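> Quick one: sequence plus predicted model below, questions after.
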Amino acid sequence: MSSPHLGLHTVFGLLLFAVHLVVMARAITRPDRTPAARAAWVLVIAFLPLLGVVAYLLLGETSIGRERIRRLQAAEARTSRLDEAAYAPAALDPQAAVLFDFCRSINQFPPVSGNRIALLGDPDAPPSRPEVNSDLAIDSLIQDIEQARDHVHICFYIWLDDGNGGKVADAVVAAARRGVQCRIMVDALGSRAFIHGPRWQQLREAGVKLVATLNDIPRLGHLAIGRLDLRNHRKIAVIDNRIAYCGSQNCADPAFAVQAKYAPWVDIFLRCEGPVVRQAQYLFVCTWIAETGEPLEGLPGAAPTPESFEPGCVAQMYGTGPTTPGNAMSNSFVGGIYAAREELLITTPYFAPDEAVLRALSAAPHRGVRTTVIFPERNNSWLVGSTCRSCYMDLLSSGIAIYEYPLGLLHTKSMTIDGQIALVGSANMDRRSMQLNFENNLLIADEQVTAAVRARQLGYLAVSRLVERDTVLSWPFHTRLVQNAAGMMAPVL
């Protein structure tokens, strides 16, 4: 005679098995997921009973909420991007044109000429003082806020109440008090301490409009279960529709008090004037509308038209996020890598590439391209650092030169191509930036601007340490085991 407890256990086991099958099926069939990510999730669900299901529910989906998606799509449809007829067409080398054409397909932003773009910082700053450039970049932003007459729009992933963060907040407060429309958008997770601190209240009392983005995910009550860690990782500032800032810089001191042991954080920030400012404005406004519902659709057209400079450089902004179809950010990196004919120089703090990026990068030396990548020697994410180093042997075997920067957290996200094209922005070469976060990058075709970015990269290179093949081969078995295990989980994370 069978025990009733045995019957209950059997029913529970069958139910649990069914749940696992359903979740596996969802992991396999969800759109815009790479085969590697599907395989990794199936392994997690299969080999971690129940825990794998919970992990998928919390980390496996990328919904930012149906209502937010509806507002974002509506804002993108209604908001003016750029009247191309008002500006001179961009003359591009065929090598660059293919890359710009692809990036245009992401947001429909055309490459526009007549821009004036400056790399902020001191080109003569000693390599031992990388924090100088970040401080000078923030000082430039403050000066422009102080001259604002119509509006100040700022979006940062991280805003800290420290020296630089406090100075920018004070400048925004002063602008709001003299009648400038000020809108501040920060990420709810990245800037959580700032949001709950006195500066946030100070800004609100001065009349600044404030938004903490993505602060309601997942909404379990509305069954919008998904990743807990979807983030707005963008760094954008737009002032009077005349000036825009973009790059890797957060609104904080290089000492970065919340993770001081990795300091200084070494960043890059660009100041832009010209038609490309309108594209940065569009990215800010659409996200603002999606978060707040405030009807700003007419603002980019109603504000002063960006001035066109002659001569000026060709530039193009693009932004991606969890609502962007396909693998647009990954494809933009792949396009940049394949555009190189002679030299490719890349810096990124977080390297957890998908197969397409890794293949493109590994193929570059075989095409005769001198390929160099610079990573931070110490990474504030142990998991990403381990994943990055799991790729070292593949990269070295392909003929890529790998350097590690020892003087802080090299946070600069940059790529220069043949001394002709520069790519700078908020996106890392990791799966978070390529598939999960809201990101913004700036693509530039100009020898002078690219030379400035390349010089900054060479400054990093001058103090970095070359990673030798023999060094990687000498890593003990347990080190390689951990690194490769982390690499296997990269599609999940």
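Arrived safely, thanks for sending. Numbering: from 1, shown residues only.
> going forward, measure contacts and count neighbours with C-alpha atoms only.
OK.
> Domain boundaries for the protein, per the record?
10-59, 66-317, 328-489 (automatic domain parsing).
> now the ones you listed as CSV including mean neighbour count?
Formatted as CSV, the domains of the chain follow (neighbours: other CA atoms under 10 Å):
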stretch, mean neighbour count
domain 10-59, 16
domain 66-317, 19
domain 328-489, 20
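> Make JSON lines out of those and add mean pLDDT.
As requested, the domains of the chain are exported to JSON lines (pLDDT from 0 to 100):
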{"stretch": "domain 10-59", "mean pLDDT": "79"}
{"stretch": "domain 66-317", "mean pLDDT": "87"}
{"stretch": "domain 328-489", "mean pLDDT": "95"}
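> who are the neighbours in contact with residue 423?
414, 415, 416, 441, 442, 443, 444 (CA atoms under 8 Å, 6 or more residues apart in numbering).
> can you redo those residues as JSON lines with distance to residue 173 and secondary structure?
Shown next, in JSON lines, are those (distance: CA to CA, whole Å; DSSP: H, G, I helix; E, B strand; the rest coil):
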{"residue": "414", "distance to residue 173": "32", "secondary structure": "strand"}
{"residue": "415", "distance to residue 173": "35", "secondary structure": "strand"}
{"residue": "416", "distance to residue 173": "37", "secondary structure": "strand"}
{"residue": "441", "distance to residue 173": "28", "secondary structure": "strand"}
{"residue": "442", "distance to residue 173": "28", "secondary structure": "strand"}
{"residue": "443", "distance to residue 173": "32", "secondary structure": "strand"}
{"residue": "444", "distance to residue 173": "33", "secondary structure": "strand"}
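> Could you measure from the residue lying closest to residue 487 once chain neighbours are set aside over to residue 423?
Closest residue in space to residue 487, ignoring its immediate chain neighbours: residue 387 at 4.4 Å, by CA to CA, 6 or more residues apart in numbering. For residue 387, the distance to residue 423 equals 23 Å [CA to CA, to the nearest Å].
> Quick check: of the contacts of residue 423, which lies closest to residue 9?
residue 441 (53.7 Å; CA to CA).
> Just grab the bridge partners of the closest one for me.
Here residue 441 shows beta-bridge partners residue 318, residue 425, assigned using DSSP bridges.
> Nearest the middle, which residue of the protein would you pick?
residue 427 (2.6 Å; CA atoms, centre = their mean).
> thought it was touching residue 434?
Yes - with contact defined as CA atoms under 8 Å, residue 427 reaches residue 434; the gap is 7.4 Å.
> Can you pick out the most distant pair from the contacts of residue 423?
Most distant of the contacts of residue 423, by CA to CA, are 416 and 441, 13.2 Å apart.
> remind me, longest helix of the chain?
helix 4-29 (DSSP state H).
> which strands and helices sit next to the helix or strand that comes right after that one?
Moving toward the C-terminus from helix 4-29, the next helix or strand (DSSP states H and E) is helix 35-47. Judged by 3 or more CA pairs under 8 Å, 6 or more residues apart in numbering; DSSP states H and E, helix 35-47 is in contact with helix 4-29, helix 51-59.
> Dump these to JSON lines, plus distance to residue 347.
Formatted as JSON lines, the helices and strands packed on helix 35-47 follow (distance: least, CA to CA, whole Å):
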{"stretch": "helix 4-29", "distance to residue 347": "32"}
{"stretch": "helix 51-59", "distance to residue 347": "28"}
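> Of these, which is nearest residue 103?
helix 4-29 (27.2 Å).
> okay but residue 442 is in contact with residue 424, surely?
Yes - Residue 442 lies in contact with residue 424 (CA under 8 Å); the separation is 5.4 Å.
> shared neighbours of those two, which are they?
By CA under 8 Å, 6+ apart, the residues touching both residue 442 and residue 424 are residue 247.
> can you map out the strands along the stretch 301-450 of the chain?
313-320, 343-347, 351-352, 370-376, 401-405, 409-410, 414-417, 421-425, 429-430, 439-445 (DSSP state E, counting those that start in this stretch).
> actually the stretch 51-200 of the chain, not the one I wrote
Using DSSP E, counting those that start in this stretch, strands in the stretch 51-200 of the chain cover 112-119, 151-156, 181-187.
> And these: which comes nearest residue 51?
strand 181-187 (28.4 Å).
> Direction included, what does that closest one pair up with?
strand 151-156 (parallel), strand 209-213 (parallel).
> out of those, which comes closest to residue 257?
Of those, the one closest to residue 257 (CA to CA) turns out to be strand 151-156, at 16.5 Å.
> Could you give the separation of the closest one from the chain centroid?
17 Å (CA atoms, centre = their mean, to the nearest Å).
> one step back: quick check: the residue nearest to residue 487 vs residue 28, distance?
23 Å.
> go on, residue 432?
Where residue 28 is concerned, residue 432 sits at a distance of 19 Å (CA to CA).
> Now do the longest helix of the chain and helix 35-47, the angle between them.
Inter-element angle recorded for helix 4-29 and helix 35-47: 170 degrees (by axes from the mean of the first three to the mean of the last three CA atoms, to 10 degrees).
> what angle separates helix 4-29 from helix 51-59?
Going by the same axes, to 10 degrees, helix 4-29 makes 40 degrees with helix 51-59.
> Tell me which other helices or strands helix 4-29 touches.
Helix 4-29 packs on helix 35-47, helix 51-59, going by 3+ CA pairs under 8 Å, 6+ apart.
> And those helices: which comes nearest residue 134?
helix 51-59 (33.5 Å).
> Extract the CA atoms of that closest one and return them as PDB.
Presented in PDB, the C-alpha positions along helix 51-59 are these (Å, rounded to 0.1, in the frame of the first residue of the first chain):
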ATOM      1  CA  LEU A  51      16.700  28.300  -7.500                       C
ATOM      2  CA  GLY A  52      17.300  28.500 -11.300                       C
ATOM      3  CA  VAL A  53      13.600  29.200 -11.900                       C
ATOM      4  CA  VAL A  54      13.700  32.100  -9.300                       C
ATOM      5  CA  ALA A  55      16.900  33.400 -10.900                       C
ATOM      6  CA  TYR A  56      15.200  33.500 -14.300                       C
ATOM      7  CA  LEU A  57      12.200  35.300 -13.000                       C
ATOM      8  CA  LEU A  58      14.400  38.000 -11.400                       C
ATOM      9  CA  LEU A  59      17.100  38.200 -14.000                       C
END
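> From the chain's centroid, how far away is that helix?
Worked out by CA atoms, centre = their mean, helix 51-59 lies 25 Å from the chain centre.
> Check stretch 275-289 too.
16 Å.
> Next, the residues that contact it from outside, please.
Against stretch 275-289 from outside (CA under 8 Å, 6+ apart): 71-72, 75-76, 79-82, 87, 109, 112-115, 153, 155, 185, 211, 236-238, 241-244, 294-297, 300, 306-308, 315-319.
> The one helix or strand residue 288 maps to to strand 439-445, inter-axis angle?
According to DSSP H and E, residue 288 maps onto helix 276-292. Angle, helix 276-292 to strand 439-445, by the same axes, to 10 degrees: 170 degrees.
> Use 14 as the first number from now on
OK, 14 is where the count begins now, so the last one is helix 289-305.
> still on that earlier bit, and residue 215, which of the strands paired with strand 194-200 is closest to it?
Per CA to CA, nearest to residue 215 of the strands paired with strand 194-200: strand 222-226, 11.0 Å.
> who does the helix or strand just after that closest one touch, helix- and strand-wise?
Downstream of strand 222-226, the first helix or strand assigned by DSSP H and E is strand 249-252. Counting contacts by 3+ CA pairs under 8 Å, 6+ apart, strand 249-252 packs against strand 164-169, strand 256-260, helix 289-305.
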